[in-house]
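Undergrad: one predicted model, sequence on top.
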Amino acid sequence: MKTAIVTSKSSLYHNTGSGHPESISRVTSIIDKLKKNRKLIWKNPAVFNKEIIKEAHSPNYLSSVENAFPKEGLVFLDGDTVVSPGSKDATFDAVGSIITAIDGVENKEFRAAHCVTRPPGHHAEKSKAMGFCVINNIGVAANYLISKYQYKKVAVIDWDCHWGNGTYDILKSNKNVFFSSLHQYPYYPGGGSEDQKGEHNNALNIPLPAGTNSNEYFDAYEHMLKRLKSFKPEFILMSAGFDAHKDDPLCQLNLESKDYYEITRRVLEITKQSCNGKVVSILEGGYDLNALAESANEHVNALVEFG
């Protein structure tokens with residue numbers, strides 16, 4: 001079966017202002033690279049019921065977000081998180097993209113999918129925007145798999161360089177979810193230590209020191225894979241941040257572009273054992289445009305070859 005790329009033109013109208021690292025060029029650099037791959041299916045996000053978001057975010061927060069998007073100019077939701085008039089469609093299309101990806105996998109339109117969207121999501125907490133993130137796309141997706149498709153074991157794997165604090169905040173009390181994050185520590189946004197294990201021992205945080213190289217990273221990664229294998233997930237979601245790359249300006253880990261192929265491949269081997277290869281990923285960080293495009297391409301190549 002094919003692999004899908006789910007994306008929307010609305011990502012191009014989420015203006016974060018001159019010099020902001022979470023720029024429009026992030027999605028265009030990836031799409032330009034992936035367009036050369038003839039094996040991919042391209043999809044746009046479908047309309048979805050926004051009530052789904054309330055499974056991850058508080059109703060008051062969702063209401064405040066709806067009212068935060070300006071008619072002109074830029075608005076700061078926090079010191080790093082900027083929205084513009086075009087951000088509203090982009091924000092909700094990012095959620096719609098991962099919902100569309102899940103539905104496509106469930107309906108056997110394709111085996112796996114990668115969502116090339118912005119703004120990213122994994123820093124957005126239940127009631128708080130932060131770190132470039134407004135809605136926690138993958139937190140919404142995990143709850144959607146449980147409520148819509150009645151899954152009992154959903155795994156969320158986050159290999160962005162920064163700890164997925166928002167995803168942890170949303171999912172730490174959900175006994176049907178296993179969450180694991182490998183991230184630079186101590187670093188933004190703070191937290192992400194090994195003792196943050198979730199309310200049901202359902203989280204595995206793996207903090208890594210600045211300067212971690214590929215071999216050291218994969219040694220740590222094997223600990224996550226062992227937990228993932230024992231969890232026996234029915235569906236795997238990936239927070240696909242590519243900022244652990246050695247060229248990224250916002251992190252100090254030292255992965256190569258080709259490492260993202262291996263990061264993905266090792267997870268896919270487990271999906272074949274427990275969930276018939278069902279996996280959906282969504283773009284999080286990655287701020288060197290060349291490294292981002294190369295790394296995302298390696299990730300997608302693994303989805304295509306092992307899906």
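TA: Nice, I can see it.

Undergrad: pLDDT below threshold where in this protein?
TA: Applying pLDDT under 70 to the chain flags the ranges 307.

Undergrad: contact partners for the spatially most central residue of it?
TA: Centroid-nearest residue in the chain, with CA atoms, centre = their mean: Ser239, separated by 2.6 Å. With contacts defined as CB atoms under 8 Å, 6 or more residues apart in numbering, Ser239 is in contact with 121-122, 138, 156-160, 164, 167, 181, 281-282, 284. Every C-beta, even on glycine, is put in place using the N, C-alpha and C of the backbone.

Undergrad: let's see it at 6 Å
TA: His122, Ile138, Asp158, Asp160, Gly164, Glu284 (CB atoms under 6 Å, 6 or more residues apart in numbering).

Undergrad: the last one - how many residues pack around it?
TA: Just to be clear, that refers to Glu284. Neighbour count of Glu284, defined by other CB atoms under 10 Å: 30.

Undergrad: quick one: secondary structure of the residue nearest to the centre of the chain?
TA: Of the three states, Ser239 takes strand according to DSSP: H, G, I helix; E, B strand; the rest coil.

Undergrad: hey, what's it bridged with?
TA: Counting by DSSP bridges, Ser239 forms beta bridges with Asp158, Ile282.

Undergrad: doesn't Asp158 make contact with Met238?
TA: No. Met238 is beyond contact range of Asp158, at 7.6 Å (criterion: CB atoms under 6 Å).

Undergrad: overlap of the contact sets of those two?
TA: Joint contacts of Met238 and Asp158 (CB under 6 Å, 6+ apart) do not exist.

Undergrad: so where do the helices sit in the stretch 101-250 of the chain?
TA: Assigned by DSSP state H, counting those that start in this stretch, the helices in the stretch 101-250 of the chain fall at 137-149, 165-171, 214-231.

Undergrad: please identify the most buried of these.
TA: helix 165-171 (a mean of 26; mean count of other CB atoms under 10 Å).

Undergrad: for that helix, the distance to its chain's centre please.
TA: Centre-to-centre, helix 165-171 and its host chain are 12 Å apart (CA atoms, centre = their mean, to the nearest Å).

Undergrad: now for that helix, which elements pack on it?
TA: With contacts defined as 3 or more CB pairs under 6 Å, 6 or more residues apart in numbering; DSSP states H and E, helix 165-171 has these neighbours: helix 137-149.

Undergrad: may I have the helix it packs on as PDB, with CA atoms only?
TA: What follows is helix 137-149, C-alpha atoms only, in PDB (Å, rounded to 0.1, in the frame of the first residue of the first chain):
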ATOM      1  CA  ASN A 137      -2.100  18.000  17.000                       C
ATOM      2  CA  ILE A 138      -0.700  14.700  18.100                       C
ATOM      3  CA  GLY A 139      -2.500  14.900  21.500                       C
ATOM      4  CA  VAL A 140      -5.800  15.400  19.600                       C
ATOM      5  CA  ALA A 141      -4.900  12.500  17.400                       C
ATOM      6  CA  ALA A 142      -4.200  10.100  20.200                       C
ATOM      7  CA  ASN A 143      -7.600  10.900  21.800                       C
ATOM      8  CA  TYR A 144      -9.300  10.600  18.500                       C
ATOM      9  CA  LEU A 145      -7.900   7.100  17.900                       C
ATOM     10  CA  ILE A 146      -9.300   6.100  21.400                       C
ATOM     11  CA  SER A 147     -12.700   7.700  21.100                       C
ATOM     12  CA  LYS A 148     -13.400   7.100  17.400                       C
ATOM     13  CA  TYR A 149     -11.700   3.800  16.700                       C
END
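
Undergrad: what comes into contact with it?
TA: So helix 137-149 is contacted by 52-53, 55-56, 94-95, 98, 121, 151, 154, 156, 167, 170-171, 176-177, 235, 237, 239, 282 (CB under 6 Å, 6+ apart).

Undergrad: give me that answer again for 8 Å
TA: Under CB under 8 Å, 6+ apart, the answer for helix 137-149 is 52-53, 55-57, 94-95, 97-99, 102, 106, 115, 117, 120-122, 124, 151-152, 154, 156, 158, 164, 166-167, 170-171, 174, 176-177, 235, 237, 239, 280, 282.
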